[in-house]
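**Student:** What follows is a protein structure lacking sequence information:
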């Protein structure tokens, strides 16, 4: 499908194809990022590019911890944080540290496709549980999927691919299940919360902090979206200091960060983000594109859960029973690139990214109408 | 041992302990690196921090390939290169791409201790083969260790921990074995050449290129030592374009770079190194420290193979039959931190790093004499 998109662009010219298939931030980093990088490059400290401890610079870890403590009310300290090569690196570090062979990790569908690799890389098994029709966690279904081998539940909100944010009541329901089943098994089932889109929200939505609802939460995130630095590979993992195994987890993740060959998060990027933890990209562009695409979807008869965060829409395809891969092929005929929902574990839908240019949105709004007409025959 | 060193420094003051235990480059990056980073930060291109293809920027890959082609005479193209998160990241990418469960990788002892993790992370088994008394490959012993499960032989020259460079005749002998056994098994046994110290050499020694001696060579390296950027995590893997499986290997390594959570090598560092491939740190400091320590070792009766590269010495401990861990404890008593050879798979020796300050060398030269007296009793 990706290759077909490449061929289409080569044939028609990239400017005539609306490519809404990728989650590559189109906005530039905030001015404060550019300025700080300039400062760091202009007057480098001695030893600035050397190895530091595998968990990261103590000052960066302390700054991240203070930021989390302010936001969550949980007493994070620098010792509870491991700086990582993005959230993708962080998740691999977590699973390598946590999983024994055949251990199970519950993932809520639709889900970010890389999760399957991140789990199986380290001998784990991914157990998929569908969310409800609003793409929110189904606590009963999760309860039913838990076995004595369940080591963790992985959540991602604001979600890729749906943009959905889980409200506090969903986290409470999930916490009730995890607390009860952890006690039953005599060891914690961890809640791993992957939150690279936390700062990318709309309509003043509140994104609850999972750790405030469930103590055995491992927080993992990156600066890829909030500071628009995805190519620089900088993120972190934080464990709850109020749990008895906090030091053991941090020790394990520091070790796995080393032995997986990450060694440490990129030095310069650690220094860069240290003072920019409350900064984020301008969301006005994303917000406008989201509304325009939502309006176009509605106008052309697509059912779509209104996303509250990230930069994705995940509409239902507008013909009952049609295969989503066939639908994406029809989109290609109309010069629109989107991703089939079945790739995210939820057939019958497509993912539309609005981390794109205004022109892409113009073309897409028109193409969505033509595709709907075409597939409805 | 490491913890004892930390306690010793806390008790006596770090300035009174000679810490020669780490391989963290003490020199600053070349002026050209500082200048280029300043330029990149001062006038960033649009989209400069975004995701790029998982194998890296086409321009960076092309520059690396042209550099390798000039040096080796082999026709590397950009498509044969995958930019990685340092050589540690590169080795994990290679083993994840290459190994099936229980596949064997032959490693020559003494060896960089992380290799064991890099191999077992991905289901492989490390098979250790001792080098000879000069720390050079023993082709007969390697031949004897090869089984139908042998997927690769990993070499590292200039070597950590010995500093030894393998001459052309050693690579020819190794190539003869690998060619013969590959034919016998009907699939290539790859030679993985980990070369982060290639630019760190002395006495005008020539470091032969393994790919010129054996076609199924996978080259992996970093800019950690030659540009003194270890904290920035930038390196690459290159496969020989003259082999029929080159595209398949690059495809596999691009995929494993993605799914292991590296995603791509840090964007800014790729742009940084692109124009600096022929630049390296000033070696005068390392060269002087090497000679001073070699002289001190000789004066105090330590037998030591004269290293031609890297920044390590690997002397025999000066009392026959003494356990190397006990010897390192005796060094601690004399306020000298070094690493026992048994950690590198070669008991009876210690590793001394001269990536240290002049003061550390002063203290170490004296301490080596006191330790020799002490252990000879």
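**Tutor:** Received the coordinates, thanks. All figures in this text were calculated on a predicted structure; none of them were measured in a lab. Numbering: from 1, shown residues only, chains lettered A, B, ... in the order given.
**Student:** buried stuff in stretch A:201-214?
**Tutor:** Neighbour counts over stretch A:201-214 (16 or more other CB atoms under 10 Å in any protein chain shown) mark A:201, A:202, A:207, A:208, A:209, A:210, A:211, A:213, A:214 as buried. C-beta: built from backbone N, CA, C; applies to glycine.
**Student:** can you pull the contacts of residue A:241?
**Tutor:** By CB atoms under 8 Å, 6 or more residues apart in numbering or on different chains, residue A:241 lies in contact with A:74, A:75, A:76, A:77, A:79, A:80.
**Student:** so residue A:105, which of the three states?
**Tutor:** Following DSSP: H, G, I helix; E, B strand; the rest coil, residue A:105 is assigned to strand.
**Student:** For the buried residues of stretch A:201-214, work out which two are farthest apart.
**Tutor:** A:202 and A:214 (25.7 Å; CB to CB).
**Student:** Show me where the stretch 251-377 of chain A has its strands.
**Tutor:** With strands called from DSSP state E, counting those that start in this stretch, the stretch 251-377 of chain A shows them at A:312-313, A:336-337, A:339-340, A:350-353.
**Student:** First-to-last residue distance for stretch A:66-77?
**Tutor:** From its first residue to its last, stretch A:66-77 covers 7 Å (CA to CA, to the nearest Å).
**Student:** give me the low-pLDDT residue ranges for chain A?
**Tutor:** Within chain A, the segments meeting pLDDT under 70 span A:1-2.
**Student:** I'd like the domain boundaries of it, if you could list them.
**Tutor:** A:2-27+A:282-376, A:33-274 (automatic domain parsing).
**Student:** Out of those domains, indicate the one that is most buried.
**Tutor:** Ranked by mean neighbour count, those are led by domain A:33-274 with a mean of 21 (mean count of other CB atoms under 10 Å in any protein chain shown).
**Student:** Would you state the strands of the stretch 1-150 of chain A in chain order?
**Tutor:** A:18-19, A:81-84, A:104-109, A:125-130, A:150-155.
**Student:** how big is the angle separating the next helix or strand after the last one from strand A:150-155?
**Tutor:** Remark: after strand A:150-155, the chain's next helix or strand is helix A:168-185, criterion DSSP states H and E. Direction vectors for helix A:168-185 and strand A:150-155, defined by axes from the mean of the first three to the mean of the last three CA atoms, to 10 degrees, enclose an angle of 170 degrees.
**Student:** helices and strands around the helix or strand following helix A:168-185, which ones?
**Tutor:** Once the chain leaves helix A:168-185, the next helix or strand it forms, by DSSP H and E, is strand A:190-194. Strand A:190-194 sits against helix A:86-98, strand A:150-155, helix A:168-185, strand A:217-222, with contacts defined as 3 or more CB pairs under 8 Å, 6 or more residues apart in numbering or on different chains; DSSP states H and E.
**Student:** 10 Å instead?
**Tutor:** helix A:86-98, strand A:104-109, helix A:114-120, strand A:150-155, helix A:168-185, strand A:217-222, strand A:235-239 (3 or more CB pairs under 10 Å, 6 or more residues apart in numbering or on different chains; DSSP states H and E).
**Student:** neighbouring strands for it, and are they parallel or not?
**Tutor:** Strand A:190-194 has the following sheet partners, assigned by DSSP bridges: strand A:150-155 (parallel), strand A:217-222 (parallel).
**Student:** need the residues of the stretch 101-250 of chain A near chain B, please.
**Tutor:** By CB under 10 Å from any CB of the partner chain, the part of the stretch 101-250 of chain A that sits against chain B consists of A:113-114, A:116-118, A:120-123, A:222-224, A:227-235.
**Student:** how long is stretch A:343-363 end to end?
**Tutor:** Stretch A:343-363 has an end-to-end distance of 24 Å (criterion: CA to CA).
**Student:** Any figure for the gap between the closest residue in space to residue A:152 that isn't next to it in sequence and residue A:148?
**Tutor:** Leaving aside its chain neighbours, residue A:152 sits nearest to residue A:190 (4.2 Å; criterion: CB to CB, 6 or more residues apart in numbering or on different chains). The spacing between residue A:190 and residue A:148, counted by CB to CB, to the nearest Å, is 15 Å.
**Student:** cool, residue A:351 as well?
**Tutor:** Look at residue A:351 and residue A:148: by CB to CB, they are 34 Å apart.
**Student:** quick one: contacts for residue A:246?
**Tutor:** A:76, A:77, A:79, A:80, A:238, A:239, A:240 (CB atoms under 10 Å, 6 or more residues apart in numbering or on different chains).
**Student:** Return the residues in contact with the third one.
**Tutor:** Contacts were defined as CB under 10 Å, 6+ apart; by that measure residue A:79 touches A:55, A:58, A:61, A:62, A:65, A:239, A:241, A:246, A:247, A:250, A:251.
**Student:** Go ahead and confirm the first one touches residue A:256.
**Tutor:** Okay, so that is residue A:55. No. The criterion here is CB atoms under 10 Å, and residue A:55 misses it with residue A:256 at 11.0 Å.
**Student:** and for these two, which residues touch both?
**Tutor:** Contact criterion CB under 10 Å, 6+ apart; residues shared by residue A:55 and residue A:256: A:82, A:84.
**Student:** would you turn the strands of the stretch 251-377 of chain A into a markdown table with distance to residue B:359?
**Tutor:** Shown next, in a markdown table, are the strands of the stretch 251-377 of chain A (distance: least, CB to CB, whole Å):
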| stretch | distance to residue B:359 |
| --- | --- |
| strand A:312-313 | 56 |
| strand A:336-337 | 61 |
| strand A:339-340 | 58 |
| strand A:350-353 | 56 |
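**Student:** quick one on the thing from earlier: distance to residue B:363 added to the contacts of residue A:246, as a markdown table?
**Tutor:** Shown next, in a markdown table, are the contacts of residue A:246 (distance: CB to CB, whole Å):
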| residue | distance to residue B:363 |
| --- | --- |
| A:76 | 39 |
| A:77 | 35 |
| A:79 | 31 |
| A:80 | 36 |
| A:238 | 39 |
| A:239 | 39 |
| A:240 | 43 |
